[in-house]
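A.B. asks: structure of the sequence below:
(chains A, B and C)
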Amino acid sequence: MTATAFLAILSHWWRHPLQLATLITGLALAAGLWSAVQAINAEARASYSQAAEQLGTAGAARLVPETGAIPVARYAELRRSGWQLAPVLEGIIRFEGQSFDIMGVDLLQHPQAQGLALAAEADSAPALDALLPPGRIFAHPETAALLDASQTDHPVTSMTGLPRGVAMADLSLASRLLGQSTSLSYLLILPDQRPGLRPLEELAPELTFIPARAASDAARLTDSFHLNLTAFGLLSFAVGLFIVQGTIALSLEQRRGMTRTLRGLGVPMRLLASLFAAELAAIALVSGIAGLAGGYLVAAALLPGVKATLSGLYGVPVDGSLSLRPSWILSGLAMTLGGTALAGGHALFMLWRMPLLAAPATHARGQQARRSHLTGAGLGAVIIIVGCIILHLFHGLIAGFAFLGSLMLGAALLLPLLVSASLSLGARTAKGPYAEWLWADARAQLPGISLALMALMLALAANIGVGTMVSSFRLTFTGWLDQRLFAEVYVTTANDVQGAELSEWLHAQGIHVLPRRHHDTRYKGAPLRVYGFEDDPAYRKNWPLIAALPDVWDQAARGQAVLINEQLARRNGLVPGNTLELSPDWHLSIAGIYSDYGNPNGQAMMSLPALLTREPNIPNRNFGLRAAQSEVHKIIKNIREEFDIPPESILDQATIKARSLAVFDRTFVITATLNLLTLGVAGFALLTSLLTLWNQRLPQIAPVWAMGASRRQLAAGEVLRSLLLAAATAILALPLGLVLAWTLLSVINVEAFGWQIPMYLFPFDWLRLFLLALLAAIIAAVLPARRLIRIAPAELLKVFANER
Amino acid sequence: MVLKIRDVTKRYPGQTAETAVLRGISLDLSAGSSLALTGESGSGKSTLLHLAGALDHFDSGEVEIDGTGLSSLSDSQRAALRRRDVSLVFQQFNLIPSLSVDKNIALHARLGGKWETSWGTRLKARLGLSDLQDHYPEQPSGGQQQRVAIARALAVRPKLLLADEPTGNLDETASAAVMELMLELVRESGTALFLVTHSAAIAQMLDRRLHLRHGTAA
Amino acid sequence: MSVKSALVTMAVFWAGAALPQSYAGLGSSAEGFAIPQQSTRLNFPADHGPHPDFRIEWWYLTANLEGSDGASYGIQWTLFRSALAPGEAGGWQSPQVWMAHAAVTSQDQHFFAERLARGGFGQAGVETAPFDAWVDDWQMRSVDETLEQISLSANDLTFSYALNLTADGPLVLHGRHGYSVKSASGQASHYYSQPHYQVSGTLSLPDGPVEVTGHGWLDREWSSQPLAEDQSGWDWFSLRFDSGEKLMGFLLRSKTGDFTSGTWITAEGKAEPLRPGAFQAEALAVSDVQGRNIPTRWHASLPEKGVSVEIQSLNPQSWMGTSFSYWEGPVSVSGSHSGKGYLEMTGYE
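C.D. replies: Okay, here's the model as predicted:
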């Protein structure tokens, strides 16, 4: 009985292959986009953790000093209290005019000690030599080569896992090189701590605890990016489910008669329901597999863009290849099955509740639609209000995204009522009976198509929102580049000796030079780069200040004050007039704040002479040259002839700007692509809704045809109606998109990147998008319209047949 | 003659000349007169009605409405003919649920550019629909819905009114009332009525009767 | 091989027969390290403290305990000092590396832990006035300059203990005035013990705290010389007989013939050094411990004292899976004499 009943149920699809195709495509699209995003996320995360493992301790919890350093005696006390800690001393050393970041660790305690020992043994050196003079330096192969070239006192072991530019050594050597035998930069907190320890805040109140995850700046920053992607993935998935929901409902409704017959023949409802569920599960499985395959391809295509984004915007390396993870496959299939259950559950439940002997319901659908519009709108309004309350009460990325989510969902629920209202409004302008019928019919069609319209609106709003965000960002960024890159030529020398020579030569040539030197330190546990600048009118004229004291440049030039970037200011709540404490004996008042896009870290600027009195050994390898535009190429040519500097290290302003913009644009390629894909899916949702409605449409169309409307006219009406609905949706999507853009710019960006960007409006983009929506509507309506033009009158006449 | 059918044959795909749904049917219907078409299920009644309404194509013979032969008309000419000169009343009423009763009544006449408010008002009054005009078609009873359909058909002042089991969904009392009203209005407006029914009682109410059996006139 | 295990294998245990340093012969100064001299006379309290000019040194305490639950326990607390170069220097430049092992053994459980530290800044070290030896929060501390009354603690993720030890006998010098010969070719160490501790305190185990009492034995030993080239490991016994007499005996295994020696300690605490070969031990049964075959039941004899006993480990799985791994655990003694003790076995890699 089971097999026979199942075959009867399945026979439906032989007669409705298009419906089956729609169902599978919709599910596959949903699963595909979702799993593509998941694959990208998983790959990127795996890359981070791999990188973190290689770098050793980037993500480990740590204790950092509020300012300055940690006395070694303090470390010994904490150890004697039972805390398992590993000490780290950081600083800069110079060998032969070349500087290196040195990272001193206790090889007996450091979590990565084993890797270092293996590397040393591979160099056929006993691991313990590193603890005795002359010590041993561990470095990335590229850095190791530089170290070998610039000094011979300390043997160097190369290790690919270490970051470039860092020289790692046992504390015995590091403290000797840095001349700091009694202080430490920070303490790593090792993973296993015994129970019953006294809390660190009691033992060492002057030290700040940085929890494991937050210690990794990259993780904190990239989290927002992945949250963004996940949100997009979920949106696409939801849009896909909209498609599926309608199709499943239709396939079940069309099989009501069959169900009734089978029940009449003695097949229990329980079995039938199970069979329908099994059928859905099988379809979901097939679609899920297809979706995973598609998602894999999409992810593989998008990954280079993601890679560019993460390395360009956050400086995080991501491996470019994609690997197939079992967890990804399982979660993708589970998501598809769950989504199908969600989408088909209601329809299946309605079928379950259907009485054995009842005439098909033909009661007042219009009334029902109006009621459900009102209920939906009420719910939508409540959801939006809750979202606003969340945003008002809580701060942070999650609150921002919660607000966005509730805004989108609420707006989607409000949509049917609003579209219905705007169609009523439009109907008033109708001239002529056909136009009147068209408006009224569009409204009558709403219940069947409103899910697709919601999907369309969400996709459009996301497009407007993200588009506005990216374009505003780009506009701001371009202006900022113009301000910030005011030198005509930028030169980087191979080392400080060459830097000094170049500087001298340029002076002799009468070319104005602005040295760009920096010192890397930490502020409240996070990296901080302090730039030294030479007082020059160009800074006063061009530097992109956001807030400043009146005499900011004078104060800074005298070495009394610093300027800090927006990220540092926002993260620590600093305003001009506050004090920046770089170490216990190094306090500087903050005179101004400047915008600094594309940089995840804190930055400060101070007078170069003042910086040099504190840090005389900072590298001197970067120079900005002022010159007349016509001279630029000659100067570049002359420098190249005079010095051994590779072309890559001498760049004119235009090239740097072009490259920066290229990086920027590449950064948002993935956003744009996902945007377009989401819109595509929404278009597909519209198409399937219209196709699904096809059979319900004939009874509406046939009488009008019989009254003398030609099939061509009706087909045109079909397209027009789709256009009307899409236009109404698009118009309603605009304000939603703008609120979305505002949230992205003023809430999400500030939380994720640490900078706020002014919002600009781009009406031409809206127009383009509006036309795109109409295009989607036309494409979606063309298929039903073509069918209508070609339909045999006999098909239409069936509507009038008495024995229906 | 408002309707002139000459030796019309109609075959659906798969049918031979012998099993064709209509085989050599001829009939005439003049203005103001009425004809009832009866016959078994599948005898071709509805098909003949649809041919007379320029709704479907035939294979041979000719159908003329008010002197215009349908076989030579294009799709849009046929549509124009339906807009102005032919009206239909169906068993399922086939009202437009998204339009109010008032708009439903006016729809066909306005499509054909023949709407006269005074005639419409009179029709509504005669059919007892004056109070319903702002309602939507799903709200009134079956009898009321069919009266709306009749009002819609007659508002066009058609030359030919085609009705397919117009009272098939109504009970006997309502059915008789609706028929009386329809015949009265048809006579008043000089419209020719071509009606399909399986009810002998209703057939008796019309001027003439034609019985179809297996696609031919009996 | 990690830095830690490299450290330990190179310096801490003498068993590292394959290392180049093992070629250093008697009387030669091993890379500048001091060499044990027969003429040296031990001097307390100074010799309770570290000897940084020697390559290797330890403070090694074991105790056989009985819990208030009636069960037998053993504990170990060891602080090793290993010098990468002779002498001491301040801060991170110190060549002194400290390693501590702690263990608690019951019949069916064995907990152990390890700590590493470098000298020079206070994370680990030994001081003499008063006596204090520590790494992190592990500590062996006396109330004065003697070792008469000490407190002992160790803490780890799953276990910890805090014990008080009181000596009821004198220090025992092994060999001749504490100069203990370790091979036929003359390798030697400075070696003394305090085998007379009464112990009480608390063990904290995953199942809860246990009050314990019992007897403890402290070994102090330092040298710069590794084992002889052909010696592969040792089996070391410290036995406390119910008669009040005690026996320390060790067996250094070699392809060319085992070397044994030891000390007989009378009930009054008087030490009698044993001739090489006077003490004999042979394995009766081996157990599979972490994939190794390790003898966990022994027969030991010292005919001149009428000793012929069977030695049975409390828990055959007393494996110290530390950077340098070895077997160390409590044993019970039966036969001509009965009692308890500790057994240490190295070189069964």
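
A.B. asks: what pairs with the closest residue to A:Ser185 other than its chain neighbours across the strands?
C.D. replies: Excluding its sequence neighbours, the residue lying closest to A:Ser185 (C-beta to C-beta, 6 or more residues apart in numbering or on different chains) is A:Glu90, at 4.3 Å. (Each C-beta comes from the backbone N, C-alpha and C, glycine too.) In this entry, A:Glu90 is beta-bridged to A:Met103, by DSSP bridges.

A.B. asks: can you give me the neighbour number for A:Glu90?
C.D. replies: 20 (other C-beta atoms under 10 Å in any protein chain shown).

A.B. asks: in contact with it, which residues?
C.D. replies: By C-beta atoms under 8 Å, 6 or more residues apart in numbering or on different chains, A:Glu90 lies in contact with A:Asp101, A:Ile102, A:Met103, A:Gly104, A:Ser185, A:Tyr186, A:Arg522.

A.B. asks: most neighbours of all the residues you listed, which one?
C.D. replies: A:Gly104 (28 neighbours).

A.B. asks: for the closest residue to it other than its chain neighbours, give me its contacts.
C.D. replies: Computed as C-beta to C-beta, 6+ apart, the closest residue to A:Gly104 that is not its neighbour in sequence is A:Ala174, at 2.4 Å. Shown in contact with A:Ala174 (C-beta under 8 Å, 6+ apart): A:Leu89, A:Gly91, A:Ile102, A:Met103, A:Gly104, A:Val105, C:Trp92.

A.B. asks: what about the residue of chain C at minimum distance from chain B, neighbour count?
C.D. replies: With C-beta to the nearest C-beta, the shortest gap between chain C and chain B falls at C:Leu157, namely 74.1 Å. For C:Leu157, the count of nearby residues is 13 (other C-beta under 10 Å).

A.B. asks: redo the contacts of A:Glu90 as CSV? Include pLDDT.
C.D. replies: Below are the contacts of A:Glu90 laid out as CSV (pLDDT from 0 to 100):
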residue, pLDDT
A:Asp101, 78
A:Ile102, 87
A:Met103, 88
A:Gly104, 92
A:Ser185, 89
A:Tyr186, 89
A:Arg522, 77
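
A.B. asks: can you confirm A:Thr25 is in a strand?
C.D. replies: No. Using DSSP: H, G, I helix; E, B strand; the rest coil, the assignment for A:Thr25 is helix, not a strand.

A.B. asks: so it touches A:Leu687, yeah?
C.D. replies: No. A:Thr25 lies out of contact with A:Leu687 (C-beta atoms under 8 Å); the separation is 9.9 Å.

A.B. asks: which elements pack onto the longest helix belonging to chain A?
C.D. replies: Longest helix in chain A by number of residues (criterion: DSSP state H): helix A:433-484. If you count contacts as 3 or more C-beta pairs under 8 Å, 6 or more residues apart in numbering or on different chains; DSSP states H and E, helix A:433-484 packs onto helix A:217-254, helix A:365-393, helix A:397-428, helix A:653-667, helix A:669-706, helix A:711-743, helix A:763-790, helix B:101-111.

A.B. asks: so B:Ser175 lies in a strand, does it not?
C.D. replies: No. Counting by three-state DSSP, one finds B:Ser175 to be helix, located in no strand.

A.B. asks: that one and B:Met205 touch, don't they?
C.D. replies: No. Judged on C-beta under 8 Å, B:Ser175 makes no contact with B:Met205 at a distance of 10.5 Å.

A.B. asks: higher neighbour count, the two?
C.D. replies: Neighbours were counted for B:Ser175 and for B:Met205 using other C-beta under 10 Å; B:Ser175 has more, 20 against 16.

A.B. asks: residues contacting that one?
C.D. replies: Applying C-beta under 8 Å, 6+ apart, the residues contacting B:Ser175 are B:Thr167, B:Ser199, B:Ile202.

A.B. asks: show me what contacts the residue nearest to the residue of chain C closest to chain B when sequence neighbours are not counted?
C.D. replies: With C-beta to C-beta, 6+ apart as the criterion, C:Leu157 has its nearest non-adjacent residue at 5.1 Å, and that residue is A:Arg194. Residues near A:Arg194 by C-beta under 8 Å, 6+ apart: A:Gly82, A:Gln84, C:Asn155, C:Asp156, C:Leu157, C:Ser160.

A.B. asks: go on, A:Pro544?
C.D. replies: A:Trp480, A:Gln483, A:Arg484, A:Tyr594, A:Ser595.

A.B. asks: re the thing from before, does the residue of chain C closest to chain B count as helix, strand or coil?
C.D. replies: Relying on three-state DSSP, one would call C:Leu157 coil.

A.B. asks: touching, it and A:Pro191? I think so.
C.D. replies: No. If you go by C-beta under 8 Å, C:Leu157 and A:Pro191 don't touch, sitting 10.6 Å apart.

A.B. asks: might one say that A:Ile645 is in contact with A:Ile636?
C.D. replies: No. Counting by C-beta under 8 Å, A:Ile645 does not reach A:Ile636; the two are 9.8 Å apart.

A.B. asks: more neighbours, these two?
C.D. replies: A:Ile636 (20 against 17).

A.B. asks: is the more buried one within a helix or a strand, and which one?
C.D. replies: Element membership of A:Ile636 [criterion: DSSP states H and E] is helix A:632-642.

A.B. asks: what is the orientation angle of that helix with helix A:653-667?
C.D. replies: With axes from the mean of the first three to the mean of the last three C-alpha atoms, to 10 degrees defining the directions, helix A:632-642 sits at 100 degrees from helix A:653-667.

A.B. asks: and helix A:632-642, what does it pack against?
C.D. replies: strand A:489-492, strand A:650-652.

A.B. asks: re the thing from before, A:Arg474: which of the contacts of A:Ala174 is nearest?
C.D. replies: Set against A:Arg474, the nearest of the contacts of A:Ala174 by C-beta to C-beta is A:Met103 (37.4 Å).

A.B. asks: so that closest one touches A:Asp170, yeah?
C.D. replies: No. Here A:Met103 lies out of contact with A:Asp170, judged by C-beta under 8 Å, at a distance of 10.6 Å.

A.B. asks: helices and strands of the chain: which one has the lowest mean pLDDT?
C.D. replies: Using chain A here. Lowest mean confidence among the helices and strands of chain A (mean pLDDT, DSSP states H and E): helix A:217-254, at a mean of 70.

A.B. asks: report all helices and strands that the helix or strand following it contacts.
C.D. replies: Beyond helix A:217-254 in the direction of the C-terminus, DSSP H and E gives the next helix or strand as helix A:256-264. Applying 3+ C-beta pairs under 8 Å, 6+ apart, we find helix A:256-264 packed against helix A:2-15, helix A:269-309.

A.B. asks: and those helices as a markdown table, adding distance to chain C and mean neighbour count?
C.D. replies: Listed next are the helices and strands packed on helix A:256-264 as a markdown table, based on distance: least, C-beta to the nearest C-beta, whole Å; neighbours: other C-beta atoms under 10 Å in any protein chain shown:
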| stretch | distance to chain C | mean neighbour count |
| --- | --- | --- |
| helix A:2-15 | 55 | 14 |
| helix A:269-309 | 34 | 19 |
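
A.B. asks: for the ones you listed, give me CSV that also has distance to chain B and mean pLDDT.
C.D. replies: Converted to CSV, the helices and strands packed on helix A:256-264 look like this (distance: least, C-beta to the nearest C-beta, whole Å; pLDDT from 0 to 100):
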stretch, distance to chain B, mean pLDDT
helix A:2-15, 18, 85
helix A:269-309, 30, 84
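
A.B. asks: could you pull out the strands for chain B?
C.D. replies: In chain B, the strands defined using DSSP state E lie at B:3-10, B:22-29, B:34-39, B:60-65, B:68-69, B:86-90, B:160-164, B:192-196, B:208-213, B:216-217.

A.B. asks: pairing partners for the fifth one, with directions?
C.D. replies: Think strand B:68-69. Assessed with DSSP bridges, strand B:68-69 is paired to strand B:60-65 (antiparallel).

A.B. asks: same thing with the third one?
C.D. replies: Applying DSSP bridges to the sheet, strand B:34-39 is found paired with strand B:192-196 (parallel), strand B:208-213 (parallel).

A.B. asks: tell me which of the ones you listed is the most buried.
C.D. replies: Mean neighbour count (mean count of other C-beta atoms under 10 Å in any protein chain shown) peaks for strand B:192-196 among the strands paired with strand B:34-39, with a mean of 26.
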